[in-house]
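Visitor: I'd like to go over a predicted model; first the sequence, then the structure.
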Amino acid sequence: MNKRRQIEGVVTSNKMNKTVVVRTTRSFRHPVYGKVVEAQHKLVAHDELGCKIGDTVRVIESRPISKTKRWVVVEIINSSVKEEVV
């Protein structure tokens, strides 16, 4: 079985060639106070699928592609493009 991590997130930037920035969020209970806290993290991922800003994507861990890219977009879960009704 493949042991690479898979994470879902939202594309926040696609201004680079074949590269997107994905924001991931996770919520957890604070160990001392018990309050539910939401933590965010930005990942730089390789994109061959042509993601747009606002798309929900699944990224998978990979070998280092460049100085900051260690993730690859595997699939687009939800597209942000809305269809117009004629």
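Guide: Yep, it's here. Residues are numbered from 1 along each chain as shown.

Visitor: tell me the bridge partners for residue 37.
Guide: Beta bridges link residue 37 to residue 28 when assigned by DSSP bridges.

Visitor: can you count the residues close to it?
Guide: 11 (other CB atoms under 10 Å). All C-beta atoms are positioned from the backbone trio N, CA, C, and that covers glycine.

Visitor: now swap in the one 5 residues further on and tell me
Guide: A count of nearby residues for residue 42, using other CB under 10 Å, gives 12.

Visitor: okay, and it sits in which element?
Guide: Using DSSP states H and E, residue 42 sits within strand 36-46.

Visitor: off-centre distance for that strand?
Guide: 8 Å (CA atoms, centre = their mean, to the nearest Å).

Visitor: just the mean pLDDT for that strand, thanks.
Guide: Throughout strand 36-46, pLDDT has a mean value of 97.

Visitor: pLDDT weak spots in this structure?
Guide: 1, 82-86 (pLDDT under 70).

Visitor: still on that earlier bit, for the strand holding residue 42, buried residues please.
Guide: Using 16 or more other CB atoms under 10 Å as the test for burial, strand 36-46 gives 43-46.

Visitor: buried stuff in the helix or strand that that strand is followed by?
Guide: Under the assignment DSSP H and E, the closest C-terminal helix or strand after strand 36-46 is strand 56-61. Using 16+ other CB under 10 Å as the test for burial, strand 56-61 gives 56-57, 59.

Visitor: now do stretch 58-73
Guide: In stretch 58-73, counting by 16+ other CB under 10 Å, buried: 59, 69-73.

Visitor: same check on stretch 22-32?
Guide: residue 22.

Visitor: give me the contact list for that stretch.
Guide: Under the contact criterion CB atoms under 8 Å, 6 or more residues apart in numbering, stretch 22-32 has outside partners 7-12, 35-45, 57, 59, 71, 73.

Visitor: swap in 7 Å and give it another go.
Guide: Outside stretch 22-32, the residues within contact range by CB atoms under 7 Å, 6 or more residues apart in numbering are 7, 9-12, 36-43, 45, 57, 59.

Visitor: most widely separated two among these?
Guide: 36 and 45 (27.1 Å; CB to CB).
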